[in-house]
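>>> structure for the following, please:
(chains A and B)
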Amino acid sequence: MTAVGGRTVAGFHHRARTYGVAALVGLGLMAGCSSSSPPSGGSSAGSPVKGGLTVFAAASLKETFPAIGTKFEQAHPGTKVTFNFGGSSELSTSIDGGAPADVFAAASTKTMATVVAAGNASRPVDFATNTMEVATPPDNPGHVSALADLARPGVTVAVCQAKVPCGAAATALFAKAGITVKPVTLEPDVSSTLQKIRSGEVDAGIVYVTDVKAAGSTVHGIAIPTAANVVTTYPIVALKHARNPSTASAFADFVRSPAGQQVLGAAGFGPP
Amino acid sequence: MSHAGPGRISAAERDQLATGRAGRNAPWPVLLVGAAALMVFALPLLALLVRAPWRSLLSILRDEQAVTALRLSLGCATAATALSVLLGVPLAWVLARGRLPGTAVIRAFALLPLVLPPVAGGVALLAAFGRRGVVGRYLDQWFGITLPFTTAGVVVAQTFVAMPFLVLVLEGALRGLDPGLEQAAATLGAGRWTVIRRVTVPALLPSLAAGAVLCWARALGEFGATIIFAGNYPGRTQTMPIVVSLALDDGPDEAIALSVVLLAVSLTILVALRDRWLRPGAAA
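Predicted structure coming up:
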């Protein structure tokens, strides 16, 4: 993958304008997007792979990307990777609003397409896939043993809101199984869905296979057969307005390298 | 709004006193910094109006999700205010007049939600009233009641965050109340309840109204504790601020339009309260 186009004067104007918009939406966004780290001085465009890097990544990558970031920093001394995890659609809105992100890793090709359509990135590349799993609290208070049990009256279910990839996947999953599930809550992203399950506030929920694996004994997973499951594809891209394009594309490449794929594979992600 | 309250001077006289105290005009550096301070508030709000999609505003506001959320918000905020009045008035009374030991500690607890991040409040509410919470587990086991993910949960979250406003205003009013009035009534032969009914309560009504409206406005804007404790489901727990936050995912237009509505509601309340809050010395 090559770095996206060089910086032009027009590019800076565009950036200034999007920052103006960002100031407007900033109030509302502040709660959700907390790690808009100030640009670290020193690094300039076209420089070698070093300096600070801000990666906006889907909430389901929370358990793997920090490890990949550490490996990247070791492979490229002088780099410092900062992450901002959240719902993919929330992150894409921040990026299109001018948030200072260098790399975007989404849990949805559709969400990535909106960032590309807004002119903030080009040619994203898929780096992983994920599937869904039913999760319950360890003691399984709702006696859930299969996906179909989620449709049973009296079973309280948490899923992600339909706008984020895990919510879209849950909707597709229920449609595929031909069941009608009435969730008690539509959570903003997969982390909060998992939290509601883990704390025992709901009987069950739909999260990623990788979330169940990372949660260990704090949740009980019920696998969904491959034929009935839904596959989510993860694309990554170095953003057009990256402070340091060469470091940004180096990170995107690194995620797809054997070192990055090894971390993802160990966590339960499938190959792209 | 009338000034039947505790003051023994008219509003006009009070204004005169206030201007007299402040001198003629503030020195220009103070004015300059003051103007800058005003911009901190004014700019974002003006920007909201500049960027509002006025043309599509009506269609956005007719959107079913927004209407449902607004209706739920208004209902929940009203219920939370009623609950706050019911519980908050006696609490303010105890804080202002009770001779209980440790009143200062009780006051600190009662006012803590004012400074606690609402999200932390939501986590605390889950710890207490969640299905596995300290109290919640018994509510669930004994009565089959679970508060999270219900409209009642929204009201509880809003009450937690908003009631301190009412308590604060009312306690101040109770302390500022001239005890001579009540003593005089008692001397003239009024019984304890007659004094409360005919003297204390009427004297407190303006402050009670101000506190209740403030409490209502805070409940209407509640987001953090609600989304943690009550979750998000249209028609049941999805209030206006949650819709604004979720709408941002689809681009700023809808979120800005809905924010303008919340701004209009808040502004209306401030204008209605201007007599009580925008005059120096009127808060007591």
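>>> where does pLDDT dip in chain A?
A:1-47 (pLDDT under 70).
>>> where along it do the helices fall?
A:9-29, A:65-75, A:88-96, A:109-117, A:165-177, A:190-198, A:209-215, A:245-256, A:258-266 (DSSP state H).
>>> including distance to B:Ile196 and mean neighbour count, could these go into CSV?
All C-beta spots, glycine's among them, are computed from the backbone N, C-alpha and C. Formatted as CSV, the helices of chain A follow (distance: least, Cβ to Cβ, whole Å; neighbours: other Cβ atoms under 10 Å in any protein chain shown):
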stretch, distance to B:Ile196, mean neighbour count
helix A:9-29, 44, 15
helix A:65-75, 61, 18
helix A:88-96, 52, 27
helix A:109-117, 61, 18
helix A:165-177, 54, 21
helix A:190-198, 46, 24
helix A:209-215, 56, 21
helix A:245-256, 69, 23
helix A:258-266, 69, 16
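>>> redo these as JSON lines? Include distance to B:Phe229.
Below are these laid out as JSON lines (distance: least, Cβ to Cβ, whole Å):
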{"stretch": "helix A:9-29", "distance to B:Phe229": "21"}
{"stretch": "helix A:65-75", "distance to B:Phe229": "29"}
{"stretch": "helix A:88-96", "distance to B:Phe229": "21"}
{"stretch": "helix A:109-117", "distance to B:Phe229": "28"}
{"stretch": "helix A:165-177", "distance to B:Phe229": "20"}
{"stretch": "helix A:190-198", "distance to B:Phe229": "11"}
{"stretch": "helix A:209-215", "distance to B:Phe229": "22"}
{"stretch": "helix A:245-256", "distance to B:Phe229": "36"}
{"stretch": "helix A:258-266", "distance to B:Phe229": "34"}
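>>> point me to the helix or strand that includes B:Leu43.
helix B:28-51 (DSSP states H and E).
>>> centre of the chain to that helix, how far?
Relative to its chain's centre, helix B:28-51 lies at 24 Å (Cα atoms, centre = their mean, to the nearest Å).
>>> ok, stretch B:148-165 next?
Its chain's C-alpha centre and that of stretch B:148-165 lie 12 Å apart, by Cα atoms, centre = their mean.
>>> in the stretch 101-250 of chain B, what residue is nearest chain A?
Closest approach between the stretch 101-250 of chain B and chain A, counting by Cβ to the nearest Cβ: B:Gly231, at 3.0 Å.
>>> which stretches in the stretch 101-250 of chain A count as strands?
In the stretch 101-250 of chain A, the strands defined using DSSP state E, counting those that start in this stretch lie at A:103-105, A:125-136, A:157-160, A:185-187, A:204-208, A:220-223, A:231-238.
>>> so the first one, near chain B or not?
Pointing back at strand A:103-105 there. No - figure legend: strand A:103-105 not in contact with chain B (Cβ under 8 Å from any Cβ of the partner chain); closest approach 14.6 Å.
>>> so what strands line up beside that strand?
Strand pairing for strand A:103-105, using DSSP bridges, gives strand A:51-58 (parallel), strand A:231-238 (antiparallel).
>>> can you list the residues of the stretch 1-150 of chain B near chain A?
Checking the stretch 1-150 of chain B against chain A by Cβ under 8 Å from any Cβ, the hits are B:44, B:47-48, B:51, B:126, B:130-132, B:148-149.
>>> can you say which helix or strand has the closest residue to B:Gly221 other than its chain neighbours in it?
With Cβ to Cβ, 6 or more residues apart in numbering or on different chains as the criterion, B:Gly221 has its nearest non-adjacent residue at 5.9 Å, and that residue is B:Pro241. With secondary structure defined by DSSP H and E, B:Pro241 is part of helix B:240-247.
>>> nearest to chain B: which residue in chain A?
Closest point on chain A to chain B, by Cβ to the nearest Cβ, is A:Thr185, at 3.0 Å.
>>> show me what that residue is bridged to.
Taking DSSP bridges as the rule, A:Thr185 bridges to A:Ala158.
>>> that one reaches B:Asn232, doesn't it?
Yes - using Cβ atoms under 8 Å, A:Thr185 makes contact with B:Asn232 at a distance of 5.6 Å.
>>> what about chain B, any weak spots by pLDDT?
B:1-24, B:275-284.
>>> any idea which helix or strand carries the most centrally placed residue in it?
The geometric centre of chain B, computed from its C-alpha atoms, lies nearest to B:Cys215 (Cα atoms, centre = their mean), at 2.1 Å. In this assignment (DSSP H and E), B:Cys215 forms part of helix B:201-220.
>>> mind giving me the packing neighbours of that helix?
Here helix B:201-220 touches helix B:64-97, helix B:151-176, helix B:252-272, helix B:274-277, going by 3 or more Cβ pairs under 8 Å, 6 or more residues apart in numbering or on different chains; DSSP states H and E.
>>> next up, the contacts around the closest residue to A:Pro138 other than its chain neighbours.
Spatially, and ignoring its direct neighbours in sequence, A:Pro138 is nearest to A:His220 (5.2 Å; Cβ to Cβ, 6+ apart). Residues counted as contacts of A:His220 (Cβ atoms under 8 Å, 6 or more residues apart in numbering or on different chains) are A:135-140.
>>> sorry, back to before: among the strands of the stretch 101-250 of chain A, which is nearest B:Thr68?
strand A:185-187 (13.6 Å; Cβ to Cβ).
>>> what's across from A:Asn84 in the sheet?
Beta-bridge pairing of A:Asn84 under DSSP bridges involves A:Phe56.
>>> near B:Arg55, how many other residues are there?
Residues near B:Arg55, counting by other Cβ atoms under 10 Å in any protein chain shown, number 7.
>>> actually, A:Gly221.
A:Gly221 has 15 nearby residues by other Cβ under 10 Å.
>>> what's the answer for B:Arg198, then?
Close neighbours of B:Arg198, defined as other Cβ under 10 Å, add up to 14.
>>> now swap in the one 10 residues further on and tell me
By the measure other Cβ under 10 Å, the count of residues near B:Leu208 is 18.
>>> which bits of the stretch 101-250 of chain A sit near chain B?
A:156, A:158, A:161, A:163-164, A:183-188, A:196, A:199-202.
>>> skip the chain neighbours and tell me the closest residue to the spatially most central residue of chain A.
Central residue of chain A (Cα atoms, centre = their mean): A:Ala58, 0.9 Å from the mean position. Leaving aside its sequence neighbours, A:Ala58 sits nearest to A:Ala107 (Cβ to Cβ, 6+ apart; 3.7 Å).
>>> picking up where we left off before, top of the residues of the stretch 1-150 of chain B next to chain A by neighbour count?
Neighbour counts for these, by other Cβ under 10 Å, peak at B:Pro148, which reaches 28 neighbours.
>>> so that residue, which of the three states?
Counting by DSSP: H, G, I helix; E, B strand; the rest coil, the backbone at B:Pro148 sits in coil.
>>> okay then, goodbye and thanks.
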